[in-house]
Each structure stands twice: as C-alpha cells, then as structure tokens.
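Visitor: would you be able to build a 3D model of this:
(chains A, B, C and D, ligands or ions: 4)
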Amino acid sequence: MSEKTFGQALNEALTIAMEIDKNVFIAGEGVGVSIHQDPNTATHGLLEKFGRRRVKDTPVSEAAIAGLALGASCMGLRPVVEIMFFPFITLASDMLVNHAGKLRYMSGGKSSFPLTVRVRAGLGFGAGSQHSQNLESWIAHSPGLKIVWPATPEDAKGLLLSAIFDPDPVIVVEDMMLNQMPGDVPTGDVRTPLGKARLVSPGTDCTLVAYGTALYTVMEALKPLGEQGISCEVIDLRSLVPLDKACILDSVRKTGRLVVVHEANRFCGFGAELAAMVADEAFDALKGPVKRVGAPQIPVPTAPPHENIFKPGPEEVVTAVREAMGK
Amino acid sequence: MSEKTFGQALNEALTIAMEIDKNVFIAGEGVGVSIHQDPNTATHGLLEKFGRRRVKDTPVSEAAIAGLALGASCMGLRPVVEIMFFPFITLASDMLVNHAGKLRYMSGGKSSFPLTVRVRAGLGFGAGSQHSQNLESWIAHSPGLKIVWPATPEDAKGLLLSAIFDPDPVIVVEDMMLNQMPGDVPTGDVRTPLGKARLVSPGTDCTLVAYGTALYTVMEALKPLGEQGISCEVIDLRSLVPLDKACILDSVRKTGRLVVVHEANRFCGFGAELAAMVADEAFDALKGPVKRVGAPQIPVPTAPPHENIFKPGPEEVVTAVREAMGK
Amino acid sequence: MTENQIIPDLRIRLYKSMVLTRKFEEKIMDLSQEPGRMPGMQILANGQEAVATGMVSALEPEDVIISNHRSHGHLLARGADLNSLMAEIMAKETGVNGGKAGTLHLSVPDLNVLMTSTVVGAGPPLALGAAFAQQYKKTTGITVVFFGDGAAAEGSVHEAMNLAGVWKLPLLFVCENNCWAGAQRPEEHCATPHIFQRAKGYDMPGRSVDGNDVEAVYNLGVELVEYCRSGKGPALMEALTYRMRGHGEQDRQHYVDPKELESWAAKCPILGYRQKLLDGGVLNQAQIQAIDQDAEARVAAAAAFGDESPYPGPETVLTDVFVQPPSA
Amino acid sequence: MTENQIIPDLRIRLYKSMVLTRKFEEKIMDLSQEPGRMPGMQILANGQEAVATGMVSALEPEDVIISNHRSHGHLLARGADLNSLMAEIMAKETGVNGGKAGTLHLSVPDLNVLMTSTVVGAGPPLALGAAFAQQYKKTTGITVVFFGDGAAAEGSVHEAMNLAGVWKLPLLFVCENNCWAGAQRPEEHCATPHIFQRAKGYDMPGRSVDGNDVEAVYNLGVELVEYCRSGKGPALMEALTYRMRGHGEQDRQHYVDPKELESWAAKCPILGYRQKLLDGGVLNQAQIQAIDQDAEARVAAAAAFGDESPYPGPETVLTDVFVQPPSA
Ligand SMILES: Cc1ncc(C[n+]2csc(CCOP(=O)(O)OP(=O)(O)O)c2C)c(N)n1
Ligand SMILES: Cc1ncc(C[n+]2csc(CCOP(=O)(O)OP(=O)(O)O)c2C)c(N)n1
Ligand SMILES: [Mg+2]
Ligand SMILES: [Mg+2]
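Guide: Ligands and ions are numbered 1, 2, ... in the order given. Predicted coordinates for the structure are as follows:
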C-alpha cells in the first residue's frame, strides 16, 4: 500500500503491465510526448521508460488507432490505446462496435481481441460538448465490448490491469476530474476483477448506485440524507459490462428502493438499464419509484454556471432519494 | 387514399417534398442509380424525375455524406441523405452526434440544421451483424437529434414528410423488412406529426409499446393473449424523440402494466428508457414487473435459425405479458 | 523479378486456382437461384480471379491477409478447405466459422486469413494493426489488405495509409479496381482516375497493373511483397479489372452497358490465360479438361457437404461473444 | 494576380488586422493567468496571424468560413465585433453566441463564419455541405475551411477532399501547417512532408505558401479563391507557419527546442511586415504607434465589456437545443 493519485495509479498499472508482458504496448495521440508534464497523467514518463517501440504517438486518426488495436490484438499483442476525449470515440465507433465487438463472434470463436481502450471522460473544465459527453451507454449497448469505470485510485490501477490482461476488448473510462485525487493503492500486480461492484457503505432505506465522479456526488448527499434519518446503501458499480446484477438486486431487495446517479444524459443513459432491470427483476421488493439522477437532455454547456446546472449535484440526489421514499 | 407499399409511400414522400420545396435534395450511396430496380425502394425513379442536380449519388463516405447534410442545411437547404445500413451510422456518428446535435446549441440558437437522415434498418436477410444492428438508443441518447420509426405505409410517408420539413435534424429509420408491405396512404402532402404515438388497439390489462417491425410481432401475440383472456393496449410509438410520454403514461396508469418490444439488443436499448420512465413516473399505478422484450446481448447472427432466435417473436411477447400479469 | 521466374509448375498452379475460384462461385450462383439455400447476400468476384490468385500466390504462408465482402477468391487462392468454406457460405454448423460468419465475414486464422470485414474501407485499419504486430514482433511476415475502388473513398483507408507510411509498416494495400462501387462508376466516387497515384502522398510506392493478367499481378505482387518485407514500408497496388456479375447476385446490372460487359468478357482472365498456356505448351487440352473436371468435382463435393450439414443449433447462438464471458 | 495589385490601403488593412489579432490574443493570455477568468482551454494562433489575415482578406463577404479550434484570427480578420467576441470567449451572456460557444466553438453566421468545430478534421465535411449549397443555389460564393497539419490525418478530411473533387465544389481547403499537432511533429503524424501534394489525388490544385508572409498568403488566396469561384472546383493551400505559444495556454512547450522558437520568432509575421511597410514608406513610426494604441484600446474595451457582462443565467441553459422543441 502506498498513497498515490488516481492518475499515478493508472500510470502504475500501465508500467506494471508493460513490465510483466512484452506484448503490451500503448498508442495514442500524445501518449509518448505530451503537451502536459503532469505526473498525474496516465502515460507520464512511459516513453522514457519503455522507448519508442512500445510507446507509440499516433497521428490524429481515431479510426486508425482503434484499427491498430484490433489488428494487433488479433495477432497476439495486448494493445492499450487512448481516445483523448470521450466524444471522439464516435470516430472509432465503427472499429469498436462493428469490429472489436463482433469479429470474434463471427469468427466462430476462432479470433480474440485482447485490447484495451482508455478513454478520458468528464466535465467541469469548460471545454464544452465536443470535449465532454459520456457515452458509456453506447458501449454497454454494443455486444462484445466490456466497459469499466473506476472511481478510486485503487480501482484505477486494479481495473486497468484487469482490462489489459482480459482476453476481450475492454473500454476503460478515466474520469479526468479524478486524476489528482489521492488514495491508498496496493503495491504490485493487484487487480480488481471485472464485473464486481463495490459496496461502499451499507444502508437500509434506499440503494444508491453510481460510478466515477458521480460516486462522490452521492457521498456528499449522504450527510444531509442521514440528517433526515434516511439510511442509504451506496454501490460503486466499477464495471458496467460485465454487470454485477446480483449486487444491485440484493441491495434493492433489502432496501426496496433504487436511485441511480451518473453524469451522462439521463435519457437513454446507463441508469435506464439499471432502473429497468430492477423494475423487472426486483419489482416485488420495490417500495417506491425508481429514480434516476443524470444530466438534462442538452449538450454539455460551456459557461461555468451552465455546466454546473448540467452536472448532477448532491441536492438532486437528496431530492431523488426523498422521492423514492415517497417524501 | 390509395393503396401503396411502405417503400412506395417513402418514395411518394420524397417526391412531394422535392416538388413543393426546391431546397430539398437527396444524397447517398446509390440513391440515384441503384443496383436494385425495385419500385418499393424509397429513392426509386427520383433521378429520372428530378435530375442529377437534386439527386446526388455519393462516394462510399458516410462522414462526408453527413457533413454534406450539415453544411447544406446550415445554408438553408433541406438535405435528405441516406445511410445504407444502420451499423454504418457509426461512421457518421461524429458528424451527427457532435455536430448536428450540438452546433445549434453552441451557436446560441443562431444556426439551425433542418436535415433528414434516412437510415435503413432491420434483420432477417442473413447478412449478419455488420449490416444489421439497430442503434436507435444511441441516437435517442444524443441531445439535439430527433428520431422516428414508422411502422405503416401511411406513417412512412407522413413521418418522412414531417422530418424533411422539421427545422431540426431528424433521423428516420426505415425498416427494410416492411418495404413490400401494402397499406392505405392518404394522397398529397399529409404529414404525421413528430412526437405523437398511435394507439393501435385499446386494452385493459397490459400496455404493449413497440415500433417498426416489432409492432407486427406484438400484433401476432394479441390473439394467443386474447385467448388467454388478457386484453392488451397496443401503442405504436412512431417517434422516439420527441417522445409521447403522456400516451404511454396514461395507458400504463390505466392498465397497470408495461411490456416494451423492440428488435434491438435489450441491454441498454430504448426499451430501458421507457421501462425506467414508467418505473418512476407511473410507479404507483404499476401492478406487476415492467418487462422488456428485445434481442439477447449478442451480435445479429447470420445463420437463419440463429437469426430467428435473435429476433424477438410473438411467444416472447406472450411470455413477457404473462410475467407482467404475475402468471 | 522477371516473367521468366514463373516456372511452368507455378503457371499451372495459378491457372488451377483461378479455375477453382470460378467454378466455386458458379456453384454459388446456381444455388442462389433456389430460395433459401444461400442465406445472405452473395457477392462474387467473377472476372476478378486473376487479382486474388496472382496476389495471394505471391505471399508466404506467414503473411497475413485481410479481406472484404468480395472474399471467396482470396480464401481459395490461399488454399482454404472447400468443404468448410462452402458450408460456411451456407451458414452451416460445419462451416469454417461454425455458421457464424456466413458468406460475408469468412475468416480462416489458421491460414492467416485473419479477418474479413464487409464494412467498406474497414480492412485497412485492421491490416494496420496486423502489420504493426509483425513489425513489433520482428517477424518477416507482411500483411496484405484487399479493398475496392469504392472503398478508397472511405476516411479509414486514408488514416491507415497515412499511419502505415509514417511507421513504415510491412503492409501492402491492394485496391481491386473493378470499375464499379455498387452502381456507381469510379468517376462518380473517386476524384482521381488512378488511385495508385495517391501513394505518393503517403510516402509509399504506388503501382498499377492489369488485373486480368494473373502473371502480371503475381509479378508485381512479388515485387511489392519483397519491398514491404525488406522493411522499406508499405506499398499500394491498384489492379484494374471488372466485376462481371454485378454487385451481388440480386443485381441484374440494368445500369451496365452490355457492350462494356462484352468487351470485358473478351478479356476474361481465365480464358486468356488458358490460351496462353496452351500456346506455350504448358498445358494441353486433355490437361485443361482434367483441371476443369477436378475443380467441378471438388466444388460439387463441397456443395453436397454443405447441403448435408445442419445449421448451427440453438446451443451456440449465445457462445463466442467473449473469450471470458461474465460469470453471472 | 501580382504583388502590385496590393494597394497601400490594403497593406494597411492587412497590417492592422494582424496587429489587432495579436493584441487580442495577448489579452487572452493575460487573462488566462488569472484563475477562473477564462473558462475552457484557451488555444491561440500567436505567430499564425498572417495566414488568417491574408486568407480571410482575400474573400468576399458572401464567402463562407468554417473554422477550427484556433479560430480567433479567422474571426477578427472577418471583422467580428470585438466586444461580443471577447465576451463569448469568456462564456458570457453578451457573447456572440450567448455564452454557449465559449472560446472553442465561436460562430458568427451573420458574417458567414458559419461554423467552428473543435473535433479535429471535422471542418472539411461541414465545409463540403456549405460549398455544395453554394453550387446548388448557383451563388458566386465559395467556402474556405481552415484545418491544421494534424487534422490532415483524419479520415474526414480525405472524404471531404475526394467528394469536393468529384463534384467540383467551390471549396478552398486551407491547411495551416504550424509544425505541430499537440506535441507531435509533422514527421510523426504525416506520411508526406508536403500536404499540398495530396491535392493531385483529388484532382485539385495544391499550392504551398510562406504562411508568415501576409501578402504571399493574400495573393495566393486571391488566386485560389478566383479558381474556386470560377467553377473549376476545389483547391488546397498549405500555409507554412509556426505555433509560437504551444498548443494551448496550459502548454509550457517543454518538448520544443528553444532555438527553433527563436528562429521562428525572428520570422514574426507582424514585425517583418511592419519593417516592410516602414521601408516602403507605406506607414511611418507615428502611424505604427497609433495602430498599436488603437488596437490596444479596442481590446481593452472588449475585455472590460466581457468582464462586466454576466454569465448566462439558468433560464437559457435548456434553450436552443431545437428550433422546435418537443411540445411536452
Ligand atoms: C461503410 C459501408 N458503406 C456502404 C456499404 C454498402 N456497400 C457494400 S459494397 C459497396 C460498394 C463497394 O465498392 P468497392 O469498394 O469498389 O468494392 P466492390 O464491391 O466493387 O468489390 C457498398 C457501398 C458497406 N458495406 N459499408
Ligand atoms: C478528433 C479529435 N481528436 C483529438 C483532438 C485533440 N486535439 C485538439 S487539437 C489537436 C492537434 C491538432 O493539430 P493540428 O490539426 O495541426 O492543429 P493545431 O492545433 O496545430 O492548430 C488534437 C489532437 C480533437 N480535438 N479532436
Ligand atoms: Mg469496386
Ligand atoms: Mg498544427
């Protein structure tokens, strides 16, 4: 165990992966030489450590970057490529959705694609909607792709390591707003299994599910909720696909209520899947409406006060929980 | 009124739009000269009628096709472009999601994009997952885009006309499996308003919501359901964005149950949004679990029996309704 | 590399491969007439056999092939098993991909026919990755990717060519220019009459060849494969040929000038080569007949094999999505 | 078009425009130092003023501009109002886009600065549509799209160039090659040292110009605009220049050789042109000073205007998504 930032934890995962497996290489726009010199950047210092053969700066060509990962992984390498900002995944989406997610199935299981795509997400830096848009539900809807979203430095390292050594394509979402966040990180090749949610704090009245930055919004809401005598069980999802259904369903069967929180647009967001799943499979246990907290159906705004409105806050979580409780 | 196939109805909509507004043009791969000579093809005969200036065959360049629509619409034209098969919308998704959906907002309302994208969807022709994948939930999740999905010849014409003359970007999904289907179509410039669902048949026990081909799967299930004494209210959604929330909520408040049916993958599909919405906003009225019928989380298979399993059938609808009824 | 290096033995192999491809696809044509026997869209490379045969014959077994929707010839030239290929085209359980590829997505990784994509233009970025792996692992293998004249308009092809050029990957781009992209002519979809000339903009050699002359394709193939293998970087071959059957088997070619079809029929890569081998004394009439008969017999056996094979059962519909499926 | 056609009056306008751009962006630099005053990523075109000024000055008002993340110069050369521009860059309510564009997505449709995209490479397909509309409507306007050397690697740029070439659209592609794409050098991201040479593959003229020489840019601009306007089709200009401030204001240029920066500083497009105008007697020292002072005063006023303006309020956060919002 040692204290590391989220970004350093990612960096450590990449370092360990490259040390223990010579088939791991990284590629992307500025993963070698970056305009930033910030040790909290996932790829910081890797070029110096591993050289130009294994740390590949690419042209601004997202389809080619994804294709590179596909072809190389099919040949037995373990590519870890970066898509700089989440909205640019659109440009790689044919490669990811129509190829990484489908070619193994269509090969009759003959081919595999052990690739990792790191995608940087998040809002709050005022760059507007062409740099900020969380599209996790797109990936989750696409068969054959896995997607994880760490919220802590420990999981940043553990999930990235698991992703890299998973035999299937995995998208790892890195919440940029967490990059500087410190936390305890286990030493060595310690992996967080894919598909296992984390029970952050137990509670009895309402289940709160979140991932990434939204987890901290939820945590902020716990105090006012506690003061109102409401006890919440908080689940950090960590992995969207595979999904830890049992963890969510067990919790809802206990609390009878569910509130899902994410920063993506609420409409057709990943929260809809969780809400729908619970409204089906745990219907009998439900004591109140299933609530979703997410962004309104607008592009991510630019002006700070607008961006603030867009981003779900703790008050919204409190309101949603109260509504779920019928208050 | 006259009898027309679904494809002829689309063709008539395009013809009328081009006749009444000289700013309407169509573009896409083979919209002028096609390998098919089928009058049930939406664009059949338009080149002969309107000439090469307004009927533009393009290179195989989906991003450019979408960009063409964006730029031209921003200059006051009304482009109607085609994406040949739904999975190829990935290649246009940056243009559609990051531009058509966002540029108006970011312009502060100064620009508008009255463009229409016709996208051909459907499974059942054995071409496999690179030609068949319904991605309506991607579009619906993206702010600034509208999306409609006609199920009848009348709506094929009416919704396409509305889309073309709507001042915003609209994606019109054309279910290829319906192309040969005949039906009564009103004569002239008759439009189906966007955002209005259609009550197909009234019922008391369970609300069934579907769109496109899935509507007919639902209709097939009505007989066995009726024989089991279950009365279903069927809603043809027609428009996913804008969504006719009131129609669905009113129905569920009456029946107390909801089953959503679509051919897309169920996980994170559009049905999740409807289920989640109802589990929140009509929770008090719910008498049973909210069910979704959709495809399993695999790519669209190729072999006919596999494709058959993939495609939701009437039996699955019956089972889902029975489960919603607690049977 | 001169023409003399093509020894008679190789000539016979080239000829046989083209004949086999032609007969194989003719069988698909026949079967496609019967409703339900050939699921999916049957897309044939009739008339283009010399490109597939010539190019694939110039490869070593370690070399990787990435194919597209018009793939049968690439696979047959590579020596793929006829039975499991035909069965796969019929989407049968005994198919090389267990009936999950169908005719459009055939892959035979054992033979290094690594991937086939029917998303037009998607092959080149996939090939980029394969060629990168070869460079990374310091093998001597190279990658060949086949794509059409229409595909050359896709952005992905540009991205792949540019990156291959920057990294000097062992990647041979083979553009099969068959004069059509669907129902569109090159002048409608391509701003340059000569796609190979774009190579300069990617710092790679670009060469054009008569795609109906199997030896010409083979010779240029050997030369460019050699170039790529030597570490000099990628290369682009544009093979000029013609799509005799229309885009797919549903296409009645209503938009094609019959005279054009006739003139290309006269340039048939197989008939022309047959005559050449006869004239040169490499083969005699009896041998020609024997080759035809052998191909027909093998194709008939493959069709029978496919016919007799069952479709895959429900137990495999959910498998093969992930290597490591979610445990739940 | 010869240099002689540049009359003194125009020379002064070119000079003023560059000075105004420089001062405007220097103000942004200053304000960016103060936390919270400049939301978003401030991306400046310091050192590239001659490209924006020279090129935009060669246009008619009816011509359309599509810009990218390094857009300030394009807008200022077009005569955009300083106050509402600065306010927009600060994401204020009085901004030209009501605070919804911020610094990265500025558009002024009134001035035919139709759209700005910060998705690298997205401009060209948008421009394709604008140029198509001009052709379709048979106006005499043309469209100019600005993009970087890095953007030239994106597939979308290829698709747009190809289609513009096929349809012979009145579309001028202007590649501002500023020697960097983020922290990557052209040789790391571009397979050809001369992007303009790709033009041939799209059947359009491709020309290179010293992007630090405003008159050279202007002259070539006039020539290529004329070409596009005449209906001959698209054209490509590559302007060689340098990005003096790094990629954005957070970039400390740790990866840049200081000598390289120095050598380009010596080629400053403004200093060089000032000397030329002084030497040629077009301007004297007093006039130079007056121009500087005027620009500074206008920029200061714009900054004050922006500072005093409020952020947009909550009532506009949900508006402007649709022209016709869902009635519900
Ligand atoms: C991205 C994409 N767009 C459109 C299609 C539909 N389509 C299939 S083949 C084809 C024409 C391709 O022409 P070309 O690349 O010349 O190959 P050819 O068919 O002539 O061998 C088109 C448009 C597709 N499969 N993928
Ligand atoms: C599609 C996409 N990928 C990556 C980025 C991040 N990005 C912003 S600017 C830039 C470099 C662009 O270089 P160039 O086109 O030369 O323009 P310059 O910044 O030099 O003006 C990158 C990679 C982006 N905005 N869009
Ligand atoms: Mg072709
Ligand atoms: Mg640059």
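
Visitor: residue numbers of the stretch 101-250 of chain C in contact with chain D?
Guide: Within the stretch 101-250 of chain C, the positions near chain D by Cβ under 8 Å from any Cβ of the partner chain are C:153-159, C:161-166, C:187-192, C:197-198, C:200-204. No exception for glycine: its C-beta is placed from N, CA and C like everyone else's.

Visitor: give me the subset of the residues you listed touching ligand 4.
Guide: Counting by Cβ under 5 Å from the ion, nothing from those sits close to ligand 4.

Visitor: can I get the buried part of these as one ChimeraX selection?
Guide: The ChimeraX command for the buried members of these (criterion: 16 or more other Cβ atoms under 10 Å in any protein chain shown) is given here:
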select /C:153,154,155,156,157,158,159,161,162,163,164,165,166,188,189,190,191,192,198,200,201,202,203,204
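
Visitor: what sits up against the helix or strand encompassing C:Ala304?
Guide: Using DSSP states H and E, C:Ala304 maps to helix C:285-308. Outside of helix C:285-308, the residues within contact range by Cβ atoms under 8 Å, 6 or more residues apart in numbering or on different chains are C:15-16, C:19-20, C:22-24, C:26-27, C:31, C:37, C:82-83, C:85-87, C:89-90, C:92, C:94-95, C:274, C:277-278, C:283.

Visitor: hmm, A:Gly195 is touching A:Asp244, no?
Guide: Yes - with contacts counted by Cβ atoms under 8 Å, A:Gly195 reaches A:Asp244, the gap being 5.8 Å.

Visitor: nearest residue to residue 61 in space, please, no chain neighbours.
Guide: Just so you know, I chose chain A. Of all residues not flanking A:Ser61 in the chain, C:Glu159 sits nearest, at 3.9 Å (Cβ to Cβ, 6 or more residues apart in numbering or on different chains).

Visitor: actually chain C
Guide: Closest residue to C:Pro61 apart from its sequence neighbours, by Cβ to Cβ, 6+ apart: C:Asn112 at 6.9 Å.

Visitor: list the contacts of that neighbour.
Guide: Residues counted as contacts of C:Asn112 (Cβ under 8 Å, 6+ apart) are C:61-65, C:78, C:141.

Visitor: the stretch 101-250 of chain A: helices as residue ranges?
Guide: Using DSSP state H, counting those that start in this stretch, the helices of the stretch 101-250 of chain A run over residues A:103-106, A:136-141, A:153-165, A:214-227, A:245-255.

Visitor: if you could redo that for chain C, that was the one I meant.
Guide: With DSSP state H as the criterion, chain C has helices at C:8-33, C:49-57, C:72-77, C:82-89, C:123-136, C:155-167, C:186-189, C:214-229, C:258-265, C:269-279, C:285-308.

Visitor: those helices into a markdown table, with extra columns for distance to B:Tyr105 and mean pLDDT?
Guide: Shown next, in a markdown table, are those (distance: least, Cβ to Cβ, whole Å; pLDDT from 0 to 100):
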| stretch | distance to B:Tyr105 | mean pLDDT |
| --- | --- | --- |
| helix C:8-33 | 49 | 97 |
| helix C:49-57 | 49 | 98 |
| helix C:72-77 | 47 | 98 |
| helix C:82-89 | 48 | 98 |
| helix C:123-136 | 32 | 98 |
| helix C:155-167 | 26 | 98 |
| helix C:186-189 | 34 | 97 |
| helix C:214-229 | 48 | 98 |
| helix C:258-265 | 50 | 98 |
| helix C:269-279 | 56 | 98 |
| helix C:285-308 | 54 | 98 |
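
Visitor: closest one to A:Thr90 among those?
Guide: helix C:155-167 (12.5 Å; Cβ to Cβ).

Visitor: do the closest one and ligand 1 meet at all?
Guide: No - if you take Cβ under 6 Å from any ligand atom as the test, helix C:155-167 misses ligand 1, and the best it gets is 8.6 Å.

Visitor: where do the strands sit along chain A?
Guide: For chain A, the strands defined by DSSP state E cover A:2-5, A:24-28, A:55-57, A:78-83, A:116-121, A:146-148, A:170-175, A:182-185, A:198-201, A:206-210, A:232-236, A:239-241, A:258-265, A:291-295.

Visitor: what sits closest to C:Ile28 if chain neighbours are left out?
Guide: C:Gln42 is the one closest to C:Ile28 (Cβ to Cβ, 6+ apart), at 5.5 Å.

Visitor: give me the neighbour count for the closest residue to C:Pro310 other than its chain neighbours.
Guide: Nearest residue to C:Pro310 in three dimensions, chain neighbours excluded: C:Glu93, at 5.3 Å (Cβ to Cβ, 6+ apart). Around C:Glu93 there are 19 other residues, counting by other Cβ atoms under 10 Å in any protein chain shown.

Visitor: how about the contacts made by the residue of chain A found nearest ligand 4?
Guide: The nearest approach of chain A to ligand 4 comes at A:Val60, 9.4 Å away (Cβ to the ion). Residues in contact with A:Val60 (Cβ under 8 Å, 6+ apart) are A:29, D:120-121, D:150-151, D:153-154, D:181-182, D:189.
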